[in-house]
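Chemist: A predicted structure for the sequence below; I have some questions about it.
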Amino acid sequence: MKRTAIFAVFVMVLGGCATVPVSWQEDLKSYPMIELGQTPPADGKYVVHLPAGKPVEVMRVILEGDLFASETVQEVRVTPRRDIYLYESWMSFDMQSWKKTKASLSRKWDFTMPSHKNPKAGHIKIILDEKKE
């Protein structure tokens, strides 16, 4: 009787292990992959993929206001050097190891406007580098 009880507990523990969910990173492999601009699933379970070597629109610069005759919109496209995967506030290059996006990237930016001191077109410069460990 004692052995049967121990065996039953052992089987329940093993059965419980089988139902323990795998990490969220493993779950991501089963989520649909979308590219920028595609409609995401309503349940929020998807991964955004920026494919290596394919130009993607990553930003739109919009200038508007009463200084201008009309609004101006300019698309900014870049070509990723390697695959980039995004999920919530996480990013990965291989769908295996995930890091917080803020911890993975070094971000710098610079902005100038035309002025008396700068009598030429202004610029918006954004530099994103992968943080090396």
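Modeler: Structure received.
Chemist: is the spatially most central residue of the chain in a bridge, and if so with what?
Modeler: The residue lying closest to the centre of the chain (Cα atoms, centre = their mean) is Leu86, at 2.4 Å. Leu86 has these beta-bridge partners by DSSP bridges: Val48, Met91.
Chemist: That one and Val47 touch, don't they?
Modeler: Yes - the pair Leu86 / Val47 is scored as a contact, 6.9 Å apart, by Cβ atoms under 8 Å. (Glycine included, C-beta is placed from N, CA and C.)
Chemist: Pull the number of nearby residues for the residue lying closest to Glu64 once chain neighbours are set aside.
Modeler: Spatial nearest neighbour of Glu64, excluding adjacent residues (Cβ to Cβ, 6 or more residues apart in numbering): Glu71 at 4.1 Å. As a burial measure, Glu71 scores 9 neighbours (other Cβ atoms under 10 Å).
Chemist: How about the contacts made by Glu71?
Modeler: Glu71 sits next to 62-64 when contact means Cβ atoms under 8 Å, 6 or more residues apart in numbering.
Chemist: quick one: pLDDT of it?
Modeler: What the model reports as pLDDT for Glu71 is 96.
Chemist: Equivalent analysis for Ala103, please.
Modeler: 89.
Chemist: Show the subsequent helix or strand relative to the helix or strand harbouring it.
Modeler: Element membership of Ala103, judged by DSSP states H and E, is helix 101-104. Next helix or strand after helix 101-104 toward the C-terminus (DSSP H and E): strand 105-112.
Chemist: Which SSE is immediately downstream of that following strand?
Modeler: Per DSSP H and E, strand 105-112 leads on to strand 123-130 as the next helix or strand towards the C-terminus.
Chemist: Now do that following strand: which elements does it pack against?
Modeler: Using 3 or more Cβ pairs under 8 Å, 6 or more residues apart in numbering; DSSP states H and E, the elements in contact with strand 123-130 are strand 105-112.
Chemist: picking up where we left off before, for the residue nearest to Glu64, phi and psi?
Modeler: Dihedral pair for Glu71: phi -70, psi 140, per degrees, to the nearest 10.
Chemist: Thank you kindly, that will do.
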